[in-house]
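Colleague: Predicted structure and sequence below. I'll ask about it afterward.
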Amino acid sequence: EESPSASIQEDAAVADTNEQQEETTKANSMPVQTGPFIDLFGDTLLSIDMINATSAQLKTLSTSEALRRKSVVGVYFSADWCGPCRQFTPELVSFYNKINNRRGKQGQFEIVWVSRCRDVQSYAQYFTQMNWVALPPDEAMGKRGEMLSSLYKVKGIPTLVLLDEVGEVITLHARQKIPADKAGIGFPWRNPLAQIYVTLLPKSLRLLIKSHISEVVGKLQVSLENLKSVAET
């Protein structure tokens with residue numbers, strides 16, 4: 001019996017040259033993307049479409065397109081070799097579908113999978129069990145995956161972090177919240193002060209505040225590095 005991952009790899013091998021040419025053309029014509037999610041995830045994400053029981057097709061999306069109009073974005077760290085991950089992923093798929101089918105809020109929740117798989121074949125096979133988007137395997141298993149893991153203080157997997165529409169952390173512990181609230185009554189589990197902040201300030205103003213804070217922190221870091229260099233000399 002042929003596995004979905006085998007078909008993905010065979011199709012990718014046959015079309016590799018054409019895809020590279022197409023990606024070069026797309027890269028040259030793709031508009032410049034900016035924003036907190038581009039900083040976190042890069043310019044492109046992958047989705048997967050099951051063609052039939054034994055084959056699937058990967059699709060490249062711009063990050064802006066994939067996360068447009070999403071009010072909550074999950075960052076899901078998991079791997080095929082992790083038993084608790086294999087147990088939790090079907091539960092997360094069910095929860096994801098339930099939240100996105102709510103009346104008046106359809107499609108407002110997205111998840112970005114950050115693979116901790118050890119190779120591309122395992123990545124492809126495990127991805128067929130999900131219906132959200134993912135970092136490309138080279139990004140997830142490379143420096144960007146490590147950066148995200150460090151940023152969100154991931155100590156073990158599975159880990160699910162929830163972000164709001166400007167990339168601010170809502171909770172680092174959604175993995176623990178879901179089994180305790182399977183109906184999603186409290187989703188996305190903002191603390192009361194954060195809920196007031198989100199309610200009172202529009203998205204545009206929150207983005208401006210976030211950008212200003214990042215700029216100030218960046219300048220402070222440069223100043224501290226300069227002072228350290230002076231002290232060392």
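Modeller: Now that the structure is in, tell me what you want to look at.
Colleague: what's the burial count for N131?
Modeller: Residue crowding around N131 was assessed by other CB atoms under 10 Å; the count is 15. To be clear about C-beta, it is placed using only N, CA and C from the backbone, and glycine gets the same treatment.
Colleague: Contact partners for it?
Modeller: By CB atoms under 8 Å, 6 or more residues apart in numbering, N131 lies in contact with 48, 93, 96-97.
Colleague: before we move on, what about V75?
Modeller: V75 sits next to 40, 111-112, 114, 148, 152, 160-163 when contact means CB under 8 Å, 6+ apart.
Colleague: Secondary structure element holding the closest residue to Y152 other than its chain neighbours?
Modeller: Take Y152 and drop its neighbours on the chain: the residue closest to it by CB to CB, 6 or more residues apart in numbering is V161, 4.8 Å away. When secondary structure is defined by DSSP states H and E, V161 falls within strand 159-164.
Colleague: isn't Q129 right next to P90, touching?
Modeller: Yes - in this structure, Q129 sits in contact with P90. The criterion is CB atoms under 8 Å, and the distance is 7.3 Å.
Colleague: between those two, which one's more packed in?
Modeller: Q129 (14 against 11).
Colleague: Tell me the predicted confidence for the more buried one.
Modeller: Per-residue confidence at Q129 stands at 95 (pLDDT).
Colleague: Next, find the distance separating it from E232.
Modeller: Here the criterion is CB to CB, to the nearest Å. By it, Q129 lies 51 Å from E232.
Colleague: Who are the packing partners of the helix or strand L92 falls within?
Modeller: With elements taken from DSSP H and E, the one containing L92 is helix 83-100. Applying 3 or more CB pairs under 8 Å, 6 or more residues apart in numbering; DSSP states H and E, one finds that helix 83-100 makes contact with strand 72-78, strand 109-115, helix 174-180.
Colleague: and for it, what are the contacting residues?
Modeller: Residues from elsewhere that reach helix 83-100 (CB under 8 Å, 6+ apart): 74, 76, 78-80, 105-109, 111, 129-132, 157-158, 160, 175, 178-179, 182-184, 187.
Colleague: Check which residues of it are buried.
Modeller: By neighbour count, with 16 or more other CB atoms under 10 Å as the criterion, the buried positions of helix 83-100 are 85, 88-89, 92, 95-96, 99.
Colleague: Ok, stretch 72-81 next?
Modeller: Neighbour counts over stretch 72-81 (16+ other CB under 10 Å) mark 72-80 as buried.
Colleague: In TSV, list those along with distance to A53.
Modeller: Below are the buried residues of stretch 72-81 laid out as TSV (distance: CB to CB, whole Å):
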residue	distance to A53
V72	32
V73	30
G74	27
V75	30
Y76	25
F77	28
S78	23
A79	24
D80	19
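Colleague: Name the nearest residue to K182, ignoring sequence neighbours.
Modeller: When the adjacent residues along the chain are set aside, K182 lies closest to F95, with 6.9 Å between them (CB to CB, 6+ apart).
Colleague: quick one: low-confidence ranges for the protein?
Modeller: Scanning the chain for pLDDT under 70 picks out 1-31, 192-225, 227-231, 233.
Colleague: for it, what spans make up the strands?
Modeller: In order along the chain, the chain carries the following strands (DSSP state E): 44-52, 55-62, 72-78, 109-115, 133-134, 159-164, 169-171.
Colleague: Ok, which of those strands comes nearest S122?
Modeller: Each of the strands of the chain was checked against S122 via CB to CB, and the shortest separation belongs to strand 109-115, namely 8.3 Å.
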